[in-house]
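Trainee: predicted structure and sequence below. I'll ask about it afterward.
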Amino acid sequence: MLRLERRATPSSLMRFASPLLAALCMLMTGFLLFSALGKDPMEAFYLFFVKPVSSTYGIGELLLKTTPLLLCGVGLALGFRASVWNIGAEGQLTMGAIAGGGVALWFGDSDSSLAMPLMVLAGILGGMAWAAIPAFLRTRFNTNEILVTLMLVYISQLVLSWLVHGPWRDPEGQNYPQSQGFGDAETMAVLISGTRVTWGIVYALALALVAWIFSQKTFAGFRMQVAGLAPAAAAYAGFSEKRNIWIALLLCGGMAGLAGICEVAGPIGRLQQQISPGYGFAAIIVAWIGRLHPIGIIFGALLMSLLYLGGEAAQMGMGLPSAITGLFQGLLLFYLLATDLFINFRLKRVDSGKTRPTAPRESVA
């Protein structure tokens with residue numbers, strides 16, 4: 001028989017091995033799933049993991065989808081390290097897109113060189129403003145930031161829907177819920193010729209490096225880590241919990257807002273009813289796959305981006321439903337949580353043949 005036994009100290013090996021084990025278990029489950037559906041597993045794996053990156057255009061699409069996942073994932077990780085559970089990066093991304101898109105529509109067809117910098121600034125501030133709502137409610141009324149950030153996602157999506165159906169709808173758009181297209185000055189330049197990837201990926205990688213420096217080399221980052229690992233010690237040292245909450249949520253909101261403007265000023269080129277297939281939610285998985293470390297999150301974002309592209313290729317090549325992408329994302333998260341158990345516990349074999357000694361019976365006279 002096997003039972004779980006708590007380790008004396010957490011396993012450093014399992015901390016880094018569990019994402020790899022989770023990915024392996026995801027692949028094994030996918031093999032069984034495709035076989036059960038009557039599909040060739042090898043063909044499915046080729047469509048999922050090889051074909052999307054077999055060309056320069058495919059690599060560009062991989063980097064394009066990595067951009068919002070990386071930005072949101074790094075921002076979420078900063079908060080998670082401080083035990084600030086922001087689940088609403090999707091809403092902050094949406095509000096960043098709205099704020100930056102509003103600036104683009106205000107400039108119109110102008111060729112001003114100020115358009116793009118102001119759009120980026122507005123996107124960052126829009127995401128931060130949306131994240132400031134749960135920060136205020138948590139620090140002032142002790143509300144649960146998980147619920148508040150999650151509910152604000154739906155409010156932001158309704159705001160976007162109202163704008164593209166109403167005051168910002170393109171009068172020449174044949175009643176489609178979308179704004180006018182952005183001009184050349186309001187569109188991010190393409191980074192690799194022949195692809196759609198923009199300079200947003202450069203911003204994302206640079207901010208991942210800045211986040212690493214912030215968390216490892218600054219006193220503010222140290223305060224946030226102590227607050228997450230040992231709240232009692234942080235309180236004894238006089239570290240302000242409210243300050244940590246504001247910093248964590250505003251940083252994540254700003255990075256998610258930047259992700260939003262990278263989307264609408266990049267491949268989309270306008271505001272429309274749906275600007276994200278759930279990047280803000282998928283970034284939660286990305287953050288945990290990367291062990292809340294910016295370098296690890298880069299690889300996690302690449303893997304999640306590949307799942308998005310592979311799901312689209314499997315839909316077109318094998319006629320699989322669109323839910324296949326979400327299925328693999330869910331499997332990855334499920335197995336990651338399962339394998340993380342072995343960071344603090346180990347399996348120990350127990351000899352089932354051993355029996356407890358029984359007390360001797362009293363003799364009857």
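Mentor: That came in fine, so what should we check first? Every value quoted in this text rests on a predicted model; they were computed, and no experiment measured them.

Trainee: so, low pLDDT: which residues of the chain?
Mentor: In the prediction, the chain carries residues with pLDDT under 70 at positions 352-365.

Trainee: which parts of it are strands?
Mentor: Along the chain, the segments classed as strands by DSSP state E run 2-6, 345-349.

Trainee: out of the ones you listed, which is the most enclosed?
Mentor: strand 345-349 (a mean of 12; mean count of other Cβ atoms under 10 Å). Heads up, the C-betas are built off the backbone N, CA and C, glycines and all.

Trainee: partners of that strand, with directions?
Mentor: strand 2-6 (antiparallel) (DSSP bridges).

Trainee: enumerate every residue touching residue 265.
Mentor: Going by Cβ atoms under 8 Å, 6 or more residues apart in numbering, residue 265 touches 100-101, 104, 116, 119, 182, 186-188, 198.

Trainee: grab the nearest non-local neighbour of it.
Mentor: residue 188 (5.0 Å; Cβ to Cβ, 6 or more residues apart in numbering).

Trainee: how about the one you found, what does it touch?
Mentor: Contacts of residue 188 by Cβ under 8 Å, 6+ apart are 116, 198-200, 262, 265-266.

Trainee: then residue 322?
Mentor: By Cβ under 8 Å, 6+ apart, the neighbours of residue 322 are 311, 315.

Trainee: next, give phi and psi for it.
Mentor: Backbone torsions for residue 322, taken as degrees, to the nearest 10, come to phi -70, psi -20.

Trainee: can you tell me how far it sits from residue 45?
Mentor: 19 Å (Cβ to Cβ, to the nearest Å).

Trainee: go on, residue 248?
Mentor: For residue 248, the distance to residue 45 - Cβ to Cβ - is 38 Å.

Trainee: check residue 201 too.
Mentor: Residue 201 sits 26 Å away from residue 45 when distances are taken as Cβ to Cβ.

Trainee: more neighbours, these two?
Mentor: Under the neighbour definition other Cβ atoms under 10 Å, residue 201 and residue 45 were set side by side, and residue 201 has more, 22 against 17.

Trainee: wait, isn't that one in contact with residue 66?
Mentor: Yes: the pair residue 201 / residue 66 is scored as a contact, 6.5 Å apart, by Cβ atoms under 8 Å.

Trainee: how about the spatially most central residue of the chain: what's its closest non-neighbour residue?
Mentor: The chain has residue 283 as the residue nearest its centroid, 0.7 Å off, counting by Cα atoms, centre = their mean. The spatially closest residue to residue 283, leaving aside those adjacent along the chain, is residue 72, at 3.5 Å (Cβ to Cβ, 6+ apart).

Trainee: and what of residue 295?
Mentor: The nearest residue in space to residue 295 (Cβ to Cβ, 6+ apart) is residue 212, at 6.9 Å.

Trainee: from residue 258, how far off is that neighbour?
Mentor: Following Cβ to Cβ, the distance that separates residue 212 from residue 258 is 17 Å.

Trainee: show me where the stretch 201-350 of the chain has its helices.
Mentor: Remark: helices assigned in the stretch 201-350 of the chain by DSSP state H, counting those that start in this stretch are 219-229, 231-236, 241-263, 279-289, 294-318, 323-344.

Trainee: nearest to residue 171, of those?
Mentor: In terms of Cβ to Cβ, the element of the helices of the stretch 201-350 of the chain nearest to residue 171 is helix 241-263, at 23.6 Å.

Trainee: and residue 348, how far from residue 216?
Mentor: In terms of Cβ to Cβ, residue 348 sits 36 Å off from residue 216.

Trainee: can you check residue 250 too?
Mentor: 20 Å.

Trainee: the more surrounded of those two?
Mentor: residue 250 (19 against 12).

Trainee: who's in contact with residue 73?
Mentor: Residue 73 neighbours (Cβ under 8 Å, 6+ apart): 283-284, 286-287, 290, 297, 300-301.

Trainee: between these, which sits nearest residue 79?
Mentor: residue 287 (9.1 Å).
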